[in-house]
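Participant: Below are the sequence and a predicted model for it; my questions follow.
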Amino acid sequence: MEKHEIIVKEKMYANDAFSKWLGIEVIEVKPAYCKLSMKVRKEMLNGFGIAHGGITYSLADSALAFASNSGNVQSVSIETSISHTKRVSEGDVLIAEAKELVSGNKTGIYDITVKNQQNEIVALFKGTVYRTTKKWIE
């Protein structure tokens, strides 16, 4: 990992109260890539006793943020979508892996796969980001 990738990851996570509340752990960040993990807790369940769809969405969205900002250019999502493919239960450990598909000067497109502890795909997420002119580190 390059020095600026470590600093960007640390700066982003330090100010990311929501990811911290979710219990997200950053496993790996490198250019145009990120891997995060999170354990599903009881308060994340909906009325059906399964994880609220917003939980996997939020994990994938955080992976998008870390991957798209890893190049030291502040980037924000402008379009996202998710398909939930398998139920997620309390105690499941989710891994989100974000990979850049398209890189442009102003936009980037990312594919994020969310799997459970049995390596089963539980959600597929696609995100488009807008690259600002701001740097994380000058």
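Facilitator: Here it is on my side, so go on. Numbering: from 1, shown residues only.

Participant: Let me know the secondary structure of Ile117.
Facilitator: Let me fix one detail, which is that residue 117 is Gln and not Ile. coil (DSSP: H, G, I helix; E, B strand; the rest coil).

Participant: Name the nearest residue to it, ignoring sequence neighbours.
Facilitator: Once flanking residues are discounted, Gln117 sits nearest to Val93: 4.4 Å by CB to CB, 6 or more residues apart in numbering. Every C-beta, even on glycine, is put in place using the N, C-alpha and C of the backbone.

Participant: how about the one you found, phi and psi?
Facilitator: Backbone torsions of Val93, given as degrees, to the nearest 10, read phi -110, psi 120.

Participant: Against Gly104, how distant is it?
Facilitator: 34 Å (CB to CB, to the nearest Å).

Participant: where do the strands sit along the protein?
Facilitator: 25-30, 33-39, 73-84, 93-103, 107-115, 121-135 (DSSP state E).

Participant: circling back to that earlier point, Val93 and Gly104 - which one has more neighbours?
Facilitator: Val93 (13 against 9; other CB atoms under 10 Å).

Participant: Quick one: residues contacting the more buried one.
Facilitator: Applying CB atoms under 8 Å, 6 or more residues apart in numbering, one finds that Val93 lies in contact with 37-40, 116-117.

Participant: mind redoing it with 7 Å?
Facilitator: Going by CB atoms under 7 Å, 6 or more residues apart in numbering, Val93 touches 37, 39, 116-117.

Participant: Let's have those in JSON lines, adding distance to Tyr130 and neighbour count.
Facilitator: Formatted as JSON lines, these follow (distance: CB to CB, whole Å; neighbours: other CB atoms under 10 Å):
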{"residue": "Ser37", "distance to Tyr130": "27", "neighbour count": "16"}
{"residue": "Lys39", "distance to Tyr130": "31", "neighbour count": "15"}
{"residue": "Asn116", "distance to Tyr130": "31", "neighbour count": "19"}
{"residue": "Gln117", "distance to Tyr130": "34", "neighbour count": "12"}
